[in-house]
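**Q** fold the following for me, if possible:
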Amino acid sequence: QVQLVESGGGLVQAGGSLRLSCAASGRTFSRVAMGWFRQAPGKEREFVATIKWSGGRAYYADSVKGRFTISRDNAQNTVYLQMNSLKPEDTAVYYCASGGTLSGSYYYTGVRDYDYWGQGTQVTVSS
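**A** Model (predicted):
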């Protein structure tokens, strides 16, 4: 089992920044990737970014590329999502997730690729 706890959400004006954190505990070594997803009201959960614990390979959705940065601190078992130049359309509940068993250059971008999920943290961007 892997337990995930997100923090750092809040209300910010358009153009502002927020940094989300996801603290992982339990059998974190059993999965190779951490991902961030988001879900806006009435919409499906969508991929935002992913990173591998080993090597730090990262991959982003086109909608956030150049604005968001995913990073990890292996010693702290924590993954971060730095969000800059936020837009109203970034408003959603953000979830971190743990999953995947393949190392290397394969990127896990699907909801079904992840086995463990945090409770989510609300991000609201006002115009």
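**Q** tell me, how many residues neighbour L11?
**A** Using other CB atoms under 10 Å, the number of residues around L11 comes to 12. For glycine as for every other residue, the C-beta is placed from the backbone atoms N, C-alpha and C.
**Q** tell me the SS of the closest residue to it other than its chain neighbours?
**A** Closest residue to L11 apart from its sequence neighbours, by CB to CB, 6 or more residues apart in numbering: T124 at 4.7 Å. Three-state assignment for T124 (DSSP: H, G, I helix; E, B strand; the rest coil): strand.
**Q** just give me the residue right at the centre of the chain.
**A** W36 (1.9 Å; CA atoms, centre = their mean).
**Q** how near is K65 to F47?
**A** Noted for K65: a distance of 12 Å to F47, by CB to CB, to the nearest Å.
**Q** cool, R57 as well?
**A** Taking CB to CB as the measure, R57 falls 15 Å from F47.
**Q** F37: what secondary structure?
**A** Recorded secondary structure, F37: strand (three-state DSSP).
**Q** I'd say it and E46 touch.
**A** Yes. In terms of CB atoms under 8 Å, F37 counts as a neighbour of E46; the distance is 6.3 Å.
**Q** compare neighbour counts for those two and give me the winner.
**A** F37 (25 against 14).
**Q** residues in a beta bridge with that one, which ones?
**A** F47, Y95 (DSSP bridges).
**Q** residues touching it, list them.
**A** By CB atoms under 8 Å, 6 or more residues apart in numbering, the residues touching F37 are 45-48, 94-97, 111, 114.
**Q** cutoff 7 Å now
**A** The neighbours of F37, taking CB atoms under 7 Å, 6 or more residues apart in numbering as the test, are 45-48, 95, 97, 111.
**Q** buried subset of the residues you listed?
**A** With burial judged by 16 or more other CB atoms under 10 Å, the buried subset of these is 45, 47-48, 95, 97, 111.
**Q** done for today, thanks.
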